[in-house]
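Colleague: Sharing a model prediction with you, sequence too.
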Amino acid sequence: MIAYSTDVSVLDATRLTGFFVGWPAAPTAERHLAALRGSHRVVLALDGDRVVGFVNLISDGVLTGFVPWLEVLPEYQKRGIGAELVRRILAEAGHLYSVDLVCDPDVKPFYDRLGLFELVGMGVRNRAVLTGGPGAGESKGLV
């Protein structure tokens, strides 16, 4: 049975493996942990002691929030865990005026089913930052 928790204080980097499948570069487990700990809110999906999914919210804590990551381990997908994580993070953000996220076109139907609506967004990607490699923090290597 999957349990859900908002307590990231008990996490260590060794419990954050197997995520970011299909990404061009994945953050190190240490960066992943730092991002979760630095988030305004986090919801974890747990199968026993194993972290099988998570979602995080960054926010000013007053009016706006942004959901940068929703991840569920591949072997746990298609079980409703991702939908439950989104429902729970939106409940955590119920006091905010807006909560936005950016997603790839292939997952748009998933968010449509959860009541989110399409917005226009723009962004930059500095992939070297994920791994701490050369170019991290420089303007080249974006996208």
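Modeller: Alright, I've got the coordinates. Numbers count the residues shown, from 1 in each chain.
Colleague: who's in contact with the residue most central in space within the chain?
Modeller: By C-alpha atoms, centre = their mean, the chain has its centre lying nearest to Trp69, at 1.7 Å. Trp69 sits next to 35, 54-56 when contact means C-beta atoms under 8 Å, 6 or more residues apart in numbering. Every C-beta, even on glycine, is put in place using the N, C-alpha and C of the backbone.
Colleague: could you point out the longest helix in this protein?
Modeller: Using DSSP state H, we find that the single longest helix of the chain is helix 81-92.
Colleague: same for it, what does it pack against?
Modeller: strand 2-5, strand 41-47, strand 50-59, strand 64-72, helix 108-113 (3 or more C-beta pairs under 8 Å, 6 or more residues apart in numbering; DSSP states H and E).
Colleague: sorry, back to before: could I get the contacts of Trp69 as TSV with neighbour count, distance to Gly22 and pLDDT?
Modeller: Compiled in TSV, these are given as follows (neighbours: other C-beta atoms under 10 Å; distance: C-beta to C-beta, whole Å; pLDDT from 0 to 100):
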residue	neighbour count	distance to Gly22	pLDDT
Ala35	16	18	96
Phe54	27	17	98
Val55	28	17	98
Asn56	24	19	98
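Colleague: Closest one of these to Ala91?
Modeller: Using C-beta to C-beta, Val55 is the member of those that lies nearest Ala91, at 11.4 Å.
Colleague: Please verify my assumption that that closest one contacts Ser39.
Modeller: No: taking C-beta atoms under 8 Å as the definition, Val55 is not a contact partner of Ser39, at 9.4 Å.
Colleague: Alright, that wraps it up for me.
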